[in-house]
Structure formats: structure tokens, C-alpha cells
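K.L.:
Let's see this in three dimensions:
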Amino acid sequence: MDLSEYKQEFLQEVKEYIDVMNQNFIKVEKGDLEALNEIFRVAHTIKGMAGFMGYKKLELLCHRLESAMGKVRDGVVNVTEDLIDVMLKAVDKIEEIVEKIESEDNDDVDIDEVISSLESIIGEVRSSKCEKKESKPFDNANLRVDVKLADDCVMKSVRATLILESLKDVCEVIGVDPDEDAMDSDDFDGTFSIYVKGDRKAVEDVMSKVGEVERFDIVEIKQQRIEKKVEKPVVKEQMKEEKLRKNESIRVNIEQLDTIMNLVGELVIGKGRLIQIAQDYDIPELKEAVSVMDKAITSLQDEIMRIRMVKVERVFSKFPRMVRDLARKLGKKVELIIEGQDTELDRTVLDEITDPLIHIIRNAVDHGIETPEERKKAGKSEVGKIVLSARREKNNVVIEIEDDGRGIDVEKVKKKAIEKGLITPAEAESMSEDEIKMLIFAPGFSTKDKATEVSGRGVGMDVVKTRVEKLGGNVKIYSEKGKGTKIVITLPPTVAITKALLIRVGNEDFAIPLSSVVEAIYVTEENYKVLHGTPFLYVRNNLIPAFRLRELFNIKNGKAEREVGIIVEREGDRIALIADAITDQLEIVIKPLTSFLSKVRGFSGITILGDGRVVPIIDVSTLLGR
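P.N.:
Modelled structure (predicted):
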């Protein structure tokens, strides 16, 4: 049987299950033993899939992990940080095996050390459970399936478990004799009985298709008094409901989504072209047809945009494990609180923002949160808190990372920046505290006196600002020495198709994303002021720095009848970009700049208008060289 067609789906599912295990082991460490049930479920599922796909080492590792967790569930082994370390190392090894399967199509990974650690947990009571138990009837079972596995079956306990799972699809499994713990033992001989409630023919159909079975017999039994209670993992009705829910969605390759998005973008451009033609030539029939097509394309666009939106939970869920491991390494106690995981972002935006979030959170644990001793001296709880949250705010998504650590020492930042030549002493004196705090995002900057494995090399935080601004967002930082730091990232929910203002400067057209625009006003003698050689727009008692795009782009042609100031927000500050006119507000498809053009500051890409013209898209965050 060719299993290659199932490989990608298998890998994708296992990767998702690895995230689930990481999240739930952290919950178990915090005392939520109910999370063990979810870990059992996914470990059992991975084990079954691995057995089906023929990855024996992965199957064995999951089997041992299940057995070790069984000791925790039964109260035989207490939950400690060291125990969770062992469990998480097993999860890491599963991830390593998955990477090996993905790259080389085999699971040839050394698992001996991890297996040994797990068996040290299992082995404490292994001898007591290997005794043959007397067969007892189970209440409500109308059938007993007696099974004898083939002598050459390599992993009898795994095969027995797979038989149990297969039967659960067609009937209710009441119990098994010997129990599942006994079947996990090394001396399990492959002979067992399963008590079920269901249709005999359905059970027979399942058993006849199972491999590595020497023989099986189905015996009808009468109802008897309860002599043994067995916890039912999942009843048949629940299984049906779960399968129904699974069938409501399908997996789609990311590249296919990107292709569809590009095609929708081309349709939007074509739509604009047809609308332009219909207006220019005043053709009623074409206008009517274009109107219908416009609605259809808009609906298609909305649907594909919705499909591309994913919950930030996909990325946020990885951070509890990261924070836990890092805090253990640094000898700190840190609690990570996550809020707003249902907030949605475009998949591309979420992928791009993942690395910046990693850098910020690592810095919060390393630089921000103090050691337990330092926190006690400062009158704080030994356990530091980091709050990671996401929310929708108007048309944007806001992500905040806040810690209650030592905060930013402005004087130390200023001193380090001067030492590294990022600013001069004279510049330092003229800078505000907020401007000095923003220096932590400068390339090569670090307040660490000595580089460590975690930080201090001056890389990372500059990636945050660069990546966020590339996405059309901005970063703000708020901090008070001794009390903590909050970093606020504002992002557009998508970067593929967006609304924009079309402006005219001379004979040239430019687009400004509407997400950056606050308002627009006409420039008059009353509101245009020049103070000490610097132009400003006077808007509602506020002076806003003004810049003529004609001068910035060195455009000599054309003439403005009446200039307009577009007020935009950049890094929390407002500036006015003066253009000759606003000509339209429309949806644009953003085409990124490639090759050497990608390094041009002031532009984030280009778009194509309905009449075929190529229009540059202004990048507000880099336009003025800051």
C-alpha cells in the first residue's frame, strides 16, 4: 500500500499535536491535571498514525510517553518541574523525528536516552501490573471479542491498542481484559478479550481487516451484574459528532491560497480597468455587466481574505513553553498570561510578526523580569508576569507585550548608545525620554555588558521595528524604571489588498494606505506656518510638521490649484504630507518591490490602476529616512 499520499497530512497533524502537547504540559505543571486527558488523546492519536505509516520509533516513543503519563494520572508519580522536563524532552524528540521524516522520509533518530528517562518513570510499578488478572465480565456488553495476536507481531501492545481504536468507530467499547496497563507490559503475550456493545457484523468486519492477528472469536454474552467499572474513553455518539465536525473543514496547501490570492488580485485590477472603460465610453450594457461582476469579485475577495485570516492563537500558543524553558534556564519564575487569542490576522502578517514577538518576549524574560531575590528586595512577588494580548482596534490589530520587571533605565540606554556611536553626547542631551527608549530598536544596540546564549549580541530588537514597519505597522514603547515595560505593536490585518488614497503630485500619481491616514485638509495661508525655517500645518491648535511631496520627490512638472495636506501617523507622531490633490479613494492590490528596488526607502510597493498605470505606494514609516 502506497502511503506517500498521506505523508503531508500526517506531518501537518502531528505538528499541530506537538503544539497541543506543549501547551497542556505547561498546564499540568501548573496543577491542571485535566490537561492530561488532552495529552493522552493526541499522544494516542500520533501513536496510531505512526503505526499506520510504519514509523516504529515514533510509535514506540508515544507509547512510552502514554505509559509515563499514566503514572501521573493514577497518582503514582507526582508532578514536578523535573518530571515535566522529561516529558517536554520527549515532545522535542517527537518534533525531531517529524523533521527527520519530512526531510528524509524515515524516523531514524536516536531515542534511547528519552526512552530510558520515560521508562524510569514507568518502571517504578511495572512489576506489579504484569500479573495475569482473572477475566471478569463487564456490564452492558453484549459481545466479547477474544483475540490472539500473531507470534511475529513486533509491538503487540501497540497493535492491541489500534484494534481497540478501530472497534470504537463501530461500537461502544465497555472494557478490555487484561486492562490497558497490563497490555503495556513487556511480557504481554498478545492474548486479550474486548467487551463491546454493538452489532456483531460490524465488529466482525473490523476484525477481519486488522493485520497481525492469528485468530479472533466473537462470543455473545448475557447481561450480568456489574463487577468491574471501566472509564469509557469516548462513547459512540461522541465519536460520530467529532467525525462530523472534522468533515466540515479541509486542509488547503498554503501555496494554493497564495496563488488564489494573486489571482483575486488580478481580478480586482481587471475589474478596475473595466469600470474605467465603462465610464470613459459611457456604454450602458457594459456598465450593467461590470456592476454585477463588481459585486461578485468583491464577494470573492472578501471570502478569500476571510479564508486567509487565522487566529493569533496559532503563534501565541508556542510562547508558554518558550517562556517556561527560558525562565528555568535563567533561574527565574515567570508567569505568561495570554489574552485575545481569537483575534485574527492575515496568515502572511502573522508569519512575518512571529520572529519579532519571539525577540520581544525573550527580552522580557531576560532583560525585564528580575531574579526572585531581586524581586523580593524590590517588594515584588517572586513570580514575574508577562502579559501578551491582542485585540482589534478600528481597522488595525494591536498586539501588546507587558511585563512587571525592572523597566528601562533611560540613563543606561543613553550611555550605551553613545558608547556604540549610535548618537553623539550632544544629540543625547536634546533627545526626549521617549526617543531614547526607542534606541533599543537600533541595530547593534544592547544594554548587556556580556553576551549570553539568550541575548546581548545586539541582534533581535532591530528586527522588530524593521519587520513591523515593513508590514505597514508601527511600534511604541512605554516603560518606567523599576515598574515594567510595555511594547505596543499596531498592524494592518492584511497586507495583500487594502484601501488607499490616490494623490497627485505634479503629473505623477501615488497611493497612501488608508490605515496610515488620519485626516486631510486644504492648505491655506491661515493654517500653513513656517517657524524658524520649518513648515507646519496648524490644525485644531496643534502644530504638525509639514513636508511637500513635490520637494521630497523632486517633481518639477504640473501645478497645484489648491494644495491638500494629508495628515498621517508615524510611530505615534503626526506629520502632514502636502500633495497637489486627492484624486480618488479605492482598493489597491499591493505588489511588493523586488530585487534592488526592495531597498528603496519611502515606498512599500506598487499597484496597478484600472487604466494600466503603475503607481508607487508611499511607505509613511520610512519616507523621511527615520
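K.L.:
host element of residue 388?
P.N.:
Using DSSP states H and E, residue 388 sits in strand 383-393.
K.L.:
which helices and strands does that strand pack with?
P.N.:
For strand 383-393, the packing partners by 3 or more Cβ pairs under 8 Å, 6 or more residues apart in numbering; DSSP states H and E come out as strand 333-339, helix 347-363, strand 396-403. Where C-beta positions appear, they are placed from N, C-alpha and C, glycine not excepted.
K.L.:
Residues touching the shortest one, excluding its own?
P.N.:
Surrounding strand 333-339, the residues in contact under the criterion Cβ atoms under 8 Å, 6 or more residues apart in numbering are 316, 319-320, 323-324, 326-327, 361, 365, 369, 372, 382-390.
K.L.:
before we move on, what about the longest one?
P.N.:
The set of residues that contact helix 347-363 without belonging to it, under Cβ under 8 Å, 6+ apart, is 254, 257, 308-310, 312, 314-315, 319, 322-323, 326, 336, 345, 386, 388, 397, 399, 401, 454-455, 460-461, 463-464, 467-468, 470-471, 487, 489, 491-496.
K.L.:
Pull out the buried residues from the helix or strand just after that helix.
P.N.:
Once the chain leaves helix 347-363, the next helix or strand it forms, by DSSP H and E, is helix 372-377. Across helix 372-377, burial judged by 16 or more other Cβ atoms under 10 Å covers 372, 375.
K.L.:
one step back: most tightly packed of the helices and strands packed on strand 383-393?
P.N.:
strand 396-403 (a mean of 21; mean count of other Cβ atoms under 10 Å).
K.L.:
That one vs helix 347-363, what angle?
P.N.:
Relative orientation of strand 396-403 versus helix 347-363 (axes from the mean of the first three to the mean of the last three Cα atoms, to 10 degrees): 10 degrees.
K.L.:
from the chain's centre, how far out does strand 396-403 sit?
P.N.:
The chain centroid and the centroid of strand 396-403 are separated by 15 Å, computed with Cα atoms, centre = their mean, to the nearest Å.
K.L.:
Show me what that strand is packed against.
P.N.:
With contacts defined as 3+ Cβ pairs under 8 Å, 6+ apart, strand 396-403 has these neighbours: helix 347-363, strand 383-393, strand 484-491.
K.L.:
Look up which helix or strand the most centrally placed residue in the chain falls in, please.
P.N.:
When Cα atoms, centre = their mean is applied to the chain, the residue found nearest the centroid is residue 315 (1.9 Å). Element membership of residue 315 [criterion: DSSP H and E] is helix 313-316.
K.L.:
go on, residue 294?
P.N.:
Following DSSP H and E, one finds residue 294 within helix 284-308.
K.L.:
how about that helix: buried residues?
P.N.:
With burial defined by 16+ other Cβ under 10 Å, the residues of helix 284-308 counted as buried are 290, 297, 301, 304-305, 308.
K.L.:
on contacts alone, who are the packing partners of it?
P.N.:
Here helix 284-308 touches helix 254-281, going by 3+ Cβ pairs under 8 Å, 6+ apart.
K.L.:
Summarise which helices and strands the helix it packs on is packed against.
P.N.:
helix 284-308, strand 497-505, strand 581-589.
K.L.:
Sheet partners, orientation included, of the second one?
P.N.:
Think strand 497-505. strand 508-513 (antiparallel), strand 581-589 (antiparallel) (DSSP bridges).
K.L.:
which residues touch it?
P.N.:
With contact meaning Cβ under 8 Å, 6+ apart, strand 497-505 is reached by 264-265, 268, 301, 305, 472, 492, 509-515, 517, 520, 549-550, 553, 555, 558, 564, 566, 579-590, 607, 609, 615, 617.
K.L.:
what comes up buried for it?
P.N.:
Residues 497-498, 500-505 are the ones in strand 497-505 that count as buried (16+ other Cβ under 10 Å).
K.L.:
Closest to residue 483 out of the residues you listed?
P.N.:
Nearest to residue 483 among the buried residues of strand 497-505, counting by Cβ to Cβ, is residue 498 at 37.5 Å.
K.L.:
Beta-bridge partners for the closest one, please?
P.N.:
residue 588.
K.L.:
how far does stretch 506-520 stretch from start to finish?
P.N.:
Length of stretch 506-520, first residue to last, Cα to Cα, to the nearest Å: 18 Å.
K.L.:
Could you tell me how far it lies from the centre of the chain?
P.N.:
In terms of Cα atoms, centre = their mean, the centre of stretch 506-520 is set 32 Å apart from its chain centre.
K.L.:
Could you pull up the mean pLDDT of that stretch?
P.N.:
Stretch 506-520 shows a mean pLDDT of 89.
K.L.:
Can you list the buried residues in that stretch?
P.N.:
Across stretch 506-520, burial judged by 16+ other Cβ under 10 Å covers 506, 508-517, 520.
K.L.:
residue ranges with poor pLDDT in the stretch 201-350 of the chain?
P.N.:
Scanning the stretch 201-350 of the chain for pLDDT under 70 picks out 222-251.
K.L.:
re earlier: can I get the strands paired with strand 497-505 in TSV including distance to residue 205?
P.N.:
Converted to TSV, the strands paired with strand 497-505 look like this (distance: least, Cβ to Cβ, whole Å):
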stretch	distance to residue 205
strand 508-513	60
strand 581-589	54
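K.L.:
Which among those strands is found nearest to residue 527?
P.N.:
strand 581-589 (16.6 Å).
K.L.:
thinking again about what came up before, put together a markdown table for the helices and strands packed on helix 254-281, with distance to residue 164 on each row.
P.N.:
Converted to a markdown table, the helices and strands packed on helix 254-281 look like this (distance: least, Cβ to Cβ, whole Å):
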| stretch | distance to residue 164 |
| --- | --- |
| helix 284-308 | 37 |
| strand 497-505 | 50 |
| strand 581-589 | 53 |
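K.L.:
Nearest to residue 530, out of those?
P.N.:
Set against residue 530 and scored by Cβ to Cβ, the helices and strands packed on helix 254-281 come closest in strand 497-505, at 20.3 Å.
K.L.:
by how many degrees do the closest one and helix 284-308 diverge?
P.N.:
Angle, strand 497-505 to helix 284-308, by the same axes, to 10 degrees: 120 degrees.
K.L.:
chain center to strand 497-505, what's the gap?
P.N.:
Centroid separation between strand 497-505 and its chain, computed with Cα atoms, centre = their mean, is 31 Å.
K.L.:
follow-up on the earlier one: what's the closest of the helices and strands packed on helix 254-281 to residue 97?
P.N.:
Closest to residue 97 of the helices and strands packed on helix 254-281 is helix 284-308 (Cβ to Cβ; 30.7 Å).
K.L.:
mind checking how far the closest one is from the chain centre?
P.N.:
Relative to the mean C-alpha coordinate of its chain, helix 284-308 is positioned 31 Å out (Cα atoms, centre = their mean).
K.L.:
which residues are in contact with it?
P.N.:
By Cβ under 8 Å, 6+ apart, the residues outside helix 284-308 that reach it are 252, 257, 260-261, 264, 267-268, 271, 274-275, 277-279, 346-348, 494, 496-497.
K.L.:
one more time with 10 Å, if that's ok
P.N.:
Contact with helix 284-308 is made by 252, 254, 257-258, 260-261, 263-265, 267-268, 270-279, 281, 283, 344-350, 493-494, 496-497, 587, 589, as judged by Cβ atoms under 10 Å, 6 or more residues apart in numbering.
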